[in-house]
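>>> What follows is a predicted protein model with its sequence.
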2 protein chains.
Amino acid sequence: MFDVNDPSYLARCAQLAMVLEVSASPKPGNVDRDHDYPDTTFEHFLASAIGAYPALEQAARSRSGVGALIHASARESLQWQRGGNTHFGAFVLLIPLLMAAGSGTPVSTIVENTTASDAAQFYRAFSIANVRVDSVAEIDLEDPDSIDRILEEDIKLFDLMKLSADHDLIANEWVCGFERTFQCAEMIAEKADRMSINDAIVFTFLQMLAETPDTFIQTKFGKEKSIEVSKHASEILTGNRDLDAIKSRIHEFDGRLIHERINPGSTADIIIGGLFVALVRGLVV
Amino acid sequence: MFDVNDPSYLARCAQLAMVLEVSASPKPGNVDRDHDYPDTTFEHFLASAIGAYPALEQAARSRSGVGALIHASARESLQWQRGGNTHFGAFVLLIPLLMAAGSGTPVSTIVENTTASDAAQFYRAFSIANVRVDSVAEIDLEDPDSIDRILEEDIKLFDLMKLSADHDLIANEWVCGFERTFQCAEMIAEKADRMSINDAIVFTFLQMLAETPDTFIQTKFGKEKSIEVSKHASEILTGNRDLDAIKSRIHEFDGRLIHERINPGSTADIIIGGLFVALVRGLVV
């Protein structure tokens, strides 16, 4: 029915992945259709997902230029809404996935072929999106001189990701062939056969969170807190068999995380990557 | 900041208009972020809005071909989701509005210049979307021979709309220069200055419904019912000054309409047209 190499088709799959992810509710701690943050609302995420179309389509036509495309998507996202950073981590996954799908190249090849120029562009995207991160190894991401150093020492974007892989789920995807993203795509597609797309996303989110502590939480609150949150997610899933009982416990969990302002943002980014892959492979809502 | 003649920019404004409209809640009787119909869900509307991008962008590059573009948008919408007709009425407004914005031509000129070929394509779009309608004057829209008659007698799409204008809000927009759509754009923009975008849409929806009985309700349940619903909307708005009190009465109203399966679908279409115009004119979420 669809031409899966059509750049517009792929860009729309990416838009829809972002829109479905932010809509899925209850998604513990994160913005969803029933919960805004004080400065970043559900509508900001919708406008960001839709506004980024040109960069997403361009990515599906490209084999190189990852850094510039991440920068373009972050810029468009910010032009379309006033809620600040919404999808930076998602773009870091989606841009190479779109390039891979559009060109028929393995995504691992796309990211391994990145250059120091990609790293410099990534750094610029970083600054405009105002993302909270740990510095990458000894390269201070808040120091403007770092761009010069990246270019002088020829530090490729893939090398930067390798340096972050142990404390950043997104960087880890780059280094490990997007393993969790593809696993997530399978989980969503399998669940969507027997429950609503909303519930398939919510349960996959919880399962991913239970399996791997969220590094966005780790950066903001420390490793211990991120492990505690994953344990809590795991308890909800193992203690119950009944879907409604699980959902009621997810609601409680959501309330607690929101109260403590703990948002598993990296897990949400992986879900977006997984939804994109599932949609390209034929998932229809 | 934006190039308002850029076809991609205009197509994204149309996508966002549809996504914001279906998200706005509580929207009495219609699908919204917190309410699905049995066969058509919130996610079906999201996928439809995003899937229609190519036809929307093509419209923003075109000065003619309204019928074929409505047909293309309806087809794409149906390919992207399994909930059936979601946005047919919205496309009938959005396509000429996109053509007008992209070419700098008044929308009234776009619709007045339509041909019998547009009418035939519109008729075909109608059949695939499986829309519930009254027949247009003596032309039975469920009879396949009508296409031949349209072409033989050279009945233009604008003429078809003139025949429907007294019992179809969307056709009436075509005939009256999209007056309600532009009025709606101003109401949304004015309200969005002092309340959330969600509430601006909800209150504009109620105001539009109070002012003009919904013809989608009229087609399904008769004129009397559509007038009764508008009276109810009007009472909610006139009896209250406090926003929260109004919202609580809108919730009750929503429950009643959903129970009776009464959905003011034409009013929702006008809201989408109005949101599109407001976004093109600079509304930012």
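Received, thanks.
>>> Check the stretch 101-250 of chain A for the residue nearest chain B and tell me.
residue A:197 (5.3 Å; Cβ to the nearest Cβ). C-beta coordinates here come from the backbone N, C-alpha and C atoms, glycine included.
>>> That residue: neighbour count?
Neighbourhood size, residue A:197 [other Cβ atoms under 10 Å in any protein chain shown]: 24.
>>> Check residue A:157 too.
26.
>>> give the contact list for it.
A:66-67, A:111, A:114-116, A:118-119, A:122 (Cβ atoms under 8 Å, 6 or more residues apart in numbering or on different chains).
>>> Also residue A:207?
Residues in contact with residue A:207 (Cβ under 8 Å, 6+ apart) are A:187, A:233, A:237.
>>> what's the answer for residue A:205, then?
Going by Cβ under 8 Å, 6+ apart, residue A:205 touches A:24, A:27-28, A:264, A:267-268, A:271.
>>> so how far is residue A:20 from residue A:200?
Distance of residue A:200 to residue A:20, computed by Cβ to Cβ, to the nearest Å: 10 Å.
>>> These two: which has the busier surroundings?
Set residue A:200 next to residue A:20 and count neighbours by other Cβ under 10 Å: residue A:20 wins out with 27 against 23.
>>> tell me the SS of the more buried one?
helix (DSSP: H, G, I helix; E, B strand; the rest coil).
>>> From residue A:192, how far out is it?
10 Å.
>>> what do you get for residue A:236?
Taken as Cβ to Cβ, the span from residue A:236 to residue A:192 is 20 Å.
>>> Residue A:233 too?
20 Å.
>>> Which positions in the helix or strand hosting residue A:68 come out as buried?
Following DSSP states H and E, one finds residue A:68 within helix A:66-79. Judged by neighbour count using 16 or more other Cβ atoms under 10 Å in any protein chain shown, the buried positions of helix A:66-79 are A:66-78.
>>> near chain B, which of these show up?
Filtering the buried residues of helix A:66-79 for proximity to chain B by Cβ under 8 Å from any Cβ of the partner chain leaves nothing.
>>> If you rank the contacts of residue A:207 by neighbours, which is first?
Counting by other Cβ under 10 Å, residue A:233 has the largest number of neighbours within the contacts of residue A:207, with 25 neighbours.
>>> Can you tell me the element it falls in?
Residue-wise, residue A:233 maps onto helix A:223-239 under DSSP H and E.
>>> Quick one: name whatever helix or strand follows that helix.
Sequence-wise, the next helix or strand downstream of helix A:223-239 (DSSP H and E) is helix A:243-259.
>>> can that next one be found next to chain B?
No: using Cβ under 8 Å from any Cβ, helix A:243-259 stays clear of chain B, with a minimum separation of 14.4 Å.
>>> Touching that helix from outside, list them.
Contacts with helix A:243-259, where a contact means Cβ under 8 Å, 6+ apart, come from A:26-29, A:35, A:195, A:199, A:202-203, A:206, A:229, A:232-233, A:236-237, A:239-240, A:263-264.
>>> Just the buried residues of that helix, please?
So, applying 16+ other Cβ under 10 Å, buried residues of helix A:243-259: A:246, A:249-250, A:253-254, A:257-258.
>>> In JSON lines, list those residues along with distance to residue B:210.
As requested, these are arranged in JSON lines below (distance: Cβ to Cβ, whole Å):
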{"residue": "A:246", "distance to residue B:210": "42"}
{"residue": "A:249", "distance to residue B:210": "42"}
{"residue": "A:250", "distance to residue B:210": "39"}
{"residue": "A:253", "distance to residue B:210": "41"}
{"residue": "A:254", "distance to residue B:210": "36"}
{"residue": "A:257", "distance to residue B:210": "40"}
{"residue": "A:258", "distance to residue B:210": "36"}
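>>> For residue A:174, state which of these is nearest.
residue A:257 (26.9 Å; Cβ to Cβ).
>>> which bits of the stretch 101-250 of chain A sit near chain B?
Residues of the stretch 101-250 of chain A lying near chain B (Cβ under 8 Å from any Cβ): A:196-198.
>>> again, only this time at 7 Å
On the criterion Cβ under 7 Å from any Cβ of the partner chain, chain B has as its neighbours in the stretch 101-250 of chain A the residues A:197-198.
>>> Where do the helices of the stretch 101-250 of chain A begin and end?
Remark: helices assigned in the stretch 101-250 of chain A by DSSP state H, counting those that start in this stretch are A:107-112, A:116-129, A:146-152, A:157-164, A:169-175, A:179-192, A:197-211, A:215-221, A:223-239, A:243-259.
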